[in-house]
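Student: Following is a predicted model, sequence given first.
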Amino acid sequence: MLIGTSKTMISNNIHAGNMNRLDKALLLLLPIIALSFMSVLSHPTPAFASEFELANWYDKALSVNQNNVPALVQKGTELVNHGNAEQAITWLDKALNIDPTNLMALVSKGSALRELGKYQEAIVIYDRVLTIDPNDVYALGGKADSLYSSGNYEQAVSLIHKALELDPSNGETLQVKETLLQAIN
């Protein structure tokens, strides 16, 4: 009964437009949380699912529904995190064809483009994110890194300052700030 009630509450919030970024993030995490519980129940020794099990879950979810946006985005993001930018873009583009405003897919695609050295294309993607959410720290940091990599140091510095005002402890943003300070000095 609790699951049915939760699904109804989520559905009502979605239709009422009451979903904030945290709600959306929690929705994306539901399958991972469920998989973690299943892992604990079926494999008492390792309490959490391995990367292989998660990748297998994404593949299973996509075999059931090839338009499963959270699975497409998560698979693409995992590929970016493991240095497979070309493959990542393929999966992220599939998600963005279904939901062109998916912030996680856009930010991950920007990261993949940066990894490929396509800084101007990454900046365009980050600008799309910032049009939707001007305070997205990941887009601000990614755009700053792309600007820095393409030689636009002053613009990069102003974006880093804005990102650090929003989240002073963001590790990725602090790293970009250090790189910028070294380049400028």
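Tutor: In hand now; what should we look at?
Student: Domain parsing of the protein, as residue ranges.
Tutor: Recorded structural domains for the chain (assignment: automatic domain parsing) are 22-116, 119-185.
Student: tell me, which of those domains is the model least confident about?
Tutor: Confidence, taken as mean pLDDT, is least for domain 22-116 of the domains of the chain (a mean of 76).
Student: Could you pull out the helices in the protein for me?
Tutor: Remark: helices assigned in the chain by DSSP state H are 2-16, 21-42, 51-64, 69-81, 85-98, 103-115, 119-132, 137-149, 153-166, 171-184.
Student: Redo these as a markdown table? Include mean neighbour count.
Tutor: In short, each C-beta sits where N, CA and C put it, glycine included. Formatted as a markdown table, these follow (neighbours: other Cβ atoms under 10 Å):
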| stretch | mean neighbour count |
| --- | --- |
| helix 2-16 | 10 |
| helix 21-42 | 13 |
| helix 51-64 | 14 |
| helix 69-81 | 22 |
| helix 85-98 | 19 |
| helix 103-115 | 25 |
| helix 119-132 | 18 |
| helix 137-149 | 25 |
| helix 153-166 | 18 |
| helix 171-184 | 15 |
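Student: distance of Val73 from Asp93?
Tutor: Using Cβ to Cβ, to the nearest Å, Val73 is found at 11 Å from Asp93.
Student: same check, this time on Val80
Tutor: Using Cβ to Cβ, Val80 is found at 13 Å from Asp93.
Student: now swap in Gln175 and tell me
Tutor: Distance from Gln175 to Asp93, by Cβ to Cβ: 27 Å.
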